[in-house]
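[1] sequence and predicted structure are below.
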Amino acid sequence: MKAAVWYGKHDVRVENTKEPAIQPGKVKVKVAWAGICGSDLHAYHGVGVQVNGPHPVSGELAPLTLGHEFAGVVAEIGEGVSRILVGDRVTIEPLIYCKECKYCKNNLYNQCEKFGFIGLHANGGFAEYVMVEPSMVHILPEGMSLEEGALVEPSAVALHAVRESKLKVGEKVAVFGVGPIGLLTIMAAQAAGATQIYAVDVAPERLLKAKECGATHFINATDGNPVEAILSLSNGGVDVAYEAAGAEMTLANSISVIKKSGVVMIISIIPTPVKVDILQLTLKEATLTSVLAYRNIFPEVIHLIASGKLNVKEVITKKIELEQIVKDGFKLLGTDKSQSKILVKIQA
């Protein structure tokens with residue numbers, strides 16, 4: 001079968017690999033569509049893939065097939081698998097966890113002590129077939145496309161962030177960074193009842209996409225001071241600021257635009273230490289918090305997409321074939337700011 005395999009920094013090869021054979025207690029999925037995530041871009045640039053020994057849960061290490069946002073059709077089920085049938089149209093929740101630590105036993109599996117992802121710590125969805133645990137499999141309702149199914153995973157990140165931010169109906173929010181996760185956060189905040197949504201970015205193309213996704217105000221951070229703009233337009237600040245850009249400046253601006261008792265929710269991955277204005281947080285009696293992926297939320301996300309409350313197709317800007325994934329996927333996303341979510345067609 002064809003797969004996009006990571007060998008090292010800037011070394012991803014679309015090649016023929018061995019198709020996985022079904023095993024007891026496993027589900028084999030024929031992948032239809034897979035999305036390119038920011039984590040995949042980090043992997044392409046050499047960060048985040050399992051190296052220097054096998055992952056403690058999956059037992060796998062590089063070279064690995066990338067891809068963790070994907071949907072397809074169940075091809076085979078192993079002995080002992082119930083609930084799932086061959087032919088089911090499914091999306092995959094790609095978190096790897098041990099099921100034994102105190103966090104897993106409290107159903108906080110995204111905080112597992114051995115946490116990982118399919119596509120980074122085990123073979124993933126940029127392949128014609130992938131083997132997964134039954135617990136990862138979520139059946140899609142009739143009328144929901146497999147393209148939409150591939151967008152459930154990033155939508156779950158956004159919805160989990162909005163849910164954990166305790167956003168209330170009628171409140172105002174700001175979203176710093178309107179790449180795919182920022183755009184989906186705008187949608188999730190709108191679905192949760194936000195009345196004013198301030199989108200902040202440095203790319204005009206992304207701000208136009210933010211408008212399509214439900215933002216009410218659009219601020220180009222290169223045209224002036226975004227903090228002053230938001231404080232003026234919102235009459236004193238927003239209730240929740242979502243940091244989805246992963247930069248020290250956007251984090252600082254997020255803190256500056258919230259009202260007293262407001263919340264700053266960090267969705268992005270900020271890999272290096274940054275300075276934080278703790279005094280400003282203290283004087284506002286504000287909350288600075290974060291999320292890692294998601295948990296216990298895929299069914300709700302699927303329902304919101306299927307019912308039309310989250311029109312996730314709005315974030316798709318390009319569809320490519322698997323053979324094009326390096327040139328028209330990883331490389332293009334690094335240079336073309338008009339691109340948001342690129343979907344990779346794996347099989348019909």
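    Cool, got the structure.

[2] give me the neighbour count for residue 160.
    23 (other Cβ atoms under 10 Å). For every residue, glycine as well, the C-beta is placed using N, CA and C.

[3] mind listing what residue 281 touches?
    Residue 281 makes contact with 255, 287, 288 under the criterion Cβ atoms under 8 Å, 6 or more residues apart in numbering.

[4] same thing but 6 Å
    residue 288 (Cβ atoms under 6 Å, 6 or more residues apart in numbering).

[5] that one: which element?
    Assessed by DSSP states H and E, residue 281 sits inside helix 278-284.

[6] for residue 245, grab the count of nearby residues.
    Each residue near residue 245 was counted by other Cβ under 10 Å, and the total is 25.

[7] kindly report the same for the one 10 residues further on.
    Neighbours of residue 255 under the rule other Cβ under 10 Å: 21.

[8] equivalent analysis for residue 142, please.
    6.

[9] which SS state does it fall under?
    Classification of residue 142 using DSSP: H, G, I helix; E, B strand; the rest coil returns coil.

[10] how much space separates it from residue 257?
    In this view, residue 142 and residue 257 are 42 Å apart by Cβ to Cβ, to the nearest Å.

[11] try residue 52
    Taken as Cβ to Cβ, the span from residue 52 to residue 257 is 41 Å.

[12] neighbour count winner among the two?
    Counted by other Cβ under 10 Å, residue 52 and residue 257 do not tie: residue 257 has more neighbours, with 27 against 6.

[13] for the more buried one, what are its contacts?
    174, 227, 230, 237, 238, 241.

[14] wait, doesn't the fourth one sit right on residue 259?
    Yes. At 4.0 Å, residue 237 counts as touching residue 259 under the criterion of Cβ atoms under 6 Å.

[15] where do the helices sit along the stretch 151-300 of the chain?
    152-164, 180-191, 204-212, 226-233, 248-257, 278-284, 298-306 (DSSP state H, counting those that start in this stretch).

[16] doesn't residue 13 fall inside a strand?
    Yes. Assessed with three-state DSSP, residue 13 lies in a strand.

[17] distance of the closest residue to residue 239 other than its chain neighbours relative to residue 238?
    With Cβ to Cβ, 6 or more residues apart in numbering as the criterion, residue 239 has its nearest non-adjacent residue at 3.9 Å, and that residue is residue 171. Residue 171 sits 8 Å away from residue 238, going by Cβ to Cβ.

[18] give me the more crowded residue out of the two.
    A direct count of neighbours by other Cβ under 10 Å for residue 171 and residue 238 places residue 238 higher, at 25 against 20.

[19] the spatially most central residue of the chain: what's it in contact with?
    Computing the C-alpha centroid of the chain and ranking residues by Cα atoms, centre = their mean puts residue 154 first, at 2.9 Å. Listed by Cβ under 6 Å, 6+ apart, the contact set of residue 154 reads 69, 180, 184.

[20] of the residues you listed, which is the nearest to residue 15?
    Checking the contacts of residue 154 against residue 15 with Cβ to Cβ, the nearest one is residue 69 at 21.1 Å.

[21] host element of residue 43?
    helix 38-44.

[22] nothing else from me, thank you.
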